[in-house]
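Student: One predicted model, sequence on top.
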Amino acid sequence: MPEYSYAVAKFVHEGVSRLMEAKDEVWARIPHAEPRETIPITQNTMPSGEVVESKPIMTQAKFVVSYDDIRACNGDALAVQMDSAAEDNLAVVMPRFFDLLGRTSEAAGTATDLGGKPFTFEVYLASIEKTDMDFDENGNPEWPALIVHPDFAEYLSSLPPPTAEQQKQLDDLIERKRREYHARRRHRNLR
């Protein structure tokens, strides 16, 4: 019956999607559109005029369910295949996501290449300098998500807290970013 096939397909699709979110914190934070028949090529034009293009990604999963598993109502067999499909999908989409993120950051001028040098507080400030920052209704900065490799996250957590001078530099930068934010809001072009 078609309605049973549809229900199973919907369950599997939804289950694989939720497994992907559970397995990858970055993937879970990305807003996802509803599935569609066709997906357009997206193009973002940067202030420099450079166009960053992203083509659709095709993923597919093949499920092989034995009659014995169906007769025995063996949900574990299906769960194993759904888990494998989630892993396979992440192996396809996440490298493409990070590639797009890198290309977009380069084109927007917000990327920072250390060229093998160590990460320092000054590099941190320079990175923040390159980005627009938003603020909440109380004037507190809304820090952009920092997505790093687990080894680098461990390194960052081992760094000492900023010195008083460094904290002042950061506070001054945030105050300047706050003024820029308010200036952008005053000059928005409403259409």
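Tutor: Yep, that arrived.

Student: So what touches stretch 172-183?
Tutor: 125, 128-129, 132-135, 139, 141 (CB atoms under 8 Å, 6 or more residues apart in numbering). In this view, the C-beta of every residue, glycine as well, is placed from N, C-alpha and C.

Student: hey, which helix or strand in this structure has the poorest pLDDT?
Tutor: Across the helices and strands of the chain, mean pLDDT, DSSP states H and E gives its lowest value to helix 67-71, namely a mean of 82.

Student: Tell me which entries of the contacts of stretch 172-183 lie within helices.
Tutor: By the criterion of DSSP state H, membership of those in helices covers 125, 128-129.

Student: Quick check on the residues you listed: which are buried?
Tutor: I128 (16 or more other CB atoms under 10 Å).

Student: could the ones in helices among the contacts of stretch 172-183 be laid out in a markdown table, adding pLDDT and distance to P56?
Tutor: Supplementary listing: these in a markdown table, determined by pLDDT from 0 to 100; distance: CB to CB, whole Å:
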| residue | pLDDT | distance to P56 |
| --- | --- | --- |
| L125 | 91 | 38 |
| I128 | 89 | 33 |
| E129 | 90 | 34 |
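
Student: Tell me where the longest helix sits in the chain.
Tutor: As far as residue count goes, and with DSSP H defining each element, the longest helix of the chain is helix 75-108.

Student: Over that helix, what's the mean pLDDT, rounded is fine.
Tutor: Per-residue pLDDT over helix 75-108 has a mean of 92.

Student: in that helix, what's buried?
Tutor: Within helix 75-108, the residues scored as buried using 16+ other CB under 10 Å are 77-78, 81-82, 85-86, 88-90, 93, 97, 100, 103-105, 107-108.

Student: by contact count, what packs against it?
Tutor: helix 2-23, helix 25-29, strand 51-54 (3 or more CB pairs under 8 Å, 6 or more residues apart in numbering; DSSP states H and E).

Student: Quick one: work out the angle between it and helix 2-23.
Tutor: Here helix 75-108 runs at an angle of 60 degrees relative to helix 2-23 (axes from the mean of the first three to the mean of the last three CA atoms, to 10 degrees).

Student: starting at the chain centroid, how far to helix 75-108?
Tutor: Shown here is helix 75-108, whose average C-alpha point lies 11 Å from the average C-alpha point of the whole chain (CA atoms, centre = their mean, to the nearest Å).

Student: Stretch 51-59 now?
Tutor: Centre-to-centre, stretch 51-59 and its host chain are 15 Å apart (CA atoms, centre = their mean).

Student: Can you give me the buried ones in it?
Tutor: By neighbour count on 16+ other CB under 10 Å, the buried set for stretch 51-59 is 52, 54.
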